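>>> What follows is a predicted protein model with its sequence.
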Amino acid sequence: SVLTDAVNKRERPMFTTALIAGDNVILHALAKLNLLDKVPVVFIDTFTLFPETLAHLKEVEAYYGFKSIVYHAADCKDVNEYYEKYGRDYWSQDIDKYDYLCKVEPMNRALKEQNSDSWINGRRRDHGAERAALPVWEGKKLNPLAFWSFEDCWSYLRKHNVPYHPLHDVGFSSLGDMHSTKKVDPKIWFTYGGERSGRFQNLVNKDGSAKTECGIHTEITKELTLNNK
């Protein structure tokens, strides 16, 4: 197992989860391999997530018997302080500043504090766009599901009766922020790029191109992709 290799061959692996289907495959696999006591589980709370996402985090923590390490905007102790300082629509004022405050900086802080040399995450090639040619090992990043399909993920979830995000059952193929995530027609869930087609709705990059990443996997410390030692 590549997950076992990450624990045996690297010193400080960690797993980041957004609690979507593929992430729950990895979480179950870590538990099945008895690795959750060796691999910290990191969760980024953007303060704009669906309430069901936060509830599901508590559900899987109880189910697998672990406690995640939650990171969020550094200058806000909770969602109420975030609203007081930035309002409820900060993302619409400057999406890059929002991404940095609520996603990129907290993720950078997690990597620094955990001093991770193996960042396990759920990105896959069939997500498309910037992820189309992902390797399994990407410097210090580990993409164990790189060559899996969305259908493979669901086959695993069903076969092993794995707890999954409740909003999948009402039409959300992937989950992110409430303001930019929409339901996806089940007919295209398993098509190339279909899973993430409901993400980053009505958001564009500074150059006018359609937004497909929040910055966590495109702006985070470049050294992570320099070496696979």
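Alright, I've got the coordinates.

>>> list the helices and strands the helix ranked longest in the chain packs on?
The single longest helix within the chain, with elements called by DSSP state H, is helix 51-64. Judged by 3 or more C-beta pairs under 8 Å, 6 or more residues apart in numbering; DSSP states H and E, helix 51-64 is in contact with helix 21-32. From N, CA and C alone the C-beta is placed, and that goes for glycine too.

>>> Can you give the distance of the helix it packs on from its chain's centre?
Averaging C-alpha positions (C-alpha atoms, centre = their mean, to the nearest Å) puts helix 21-32 12 Å from its chain's average.

>>> Now do that helix against helix 51-64, angle only.
20 degrees (axes from the mean of the first three to the mean of the last three C-alpha atoms, to 10 degrees).

>>> contacting residues around helix 21-32?
1, 3, 15, 17, 36, 39, 41, 60, 64, 66, 120, 122, 124, 144-145, 148, 150, 153-154, 156-157, 160, 162-165, 168, 174, 195 (C-beta atoms under 8 Å, 6 or more residues apart in numbering).

>>> quick one: which of those sit in helices?
If you go by DSSP H, those have L3, V60, Y64, F150, C153, W154, Y156, L157 in helices.

>>> Report the buried members of those.
Among the ones in helices among the contacts of helix 21-32, those buried by neighbour count (16 or more other C-beta atoms under 10 Å) are L3, V60, F150, C153, W154, Y156, L157.

>>> picking that back up, hmm, which of the contacts of helix 21-32 are the buried ones?
Among these, those buried by neighbour count (16+ other C-beta under 10 Å) are 3, 15, 17, 36, 39, 41, 60, 66, 120, 122, 124, 144-145, 148, 150, 153-154, 156-157, 162-165, 168, 174, 195.

>>> show me where pLDDT drops low in this protein?
Counting by pLDDT under 70, the chain contains low-confidence residues at 202-229.

>>> Need the residue in it that's farthest from the chain's center.
The centre of the chain is farthest from one residue, E84, which by C-alpha atoms, centre = their mean lies 26.3 Å away.
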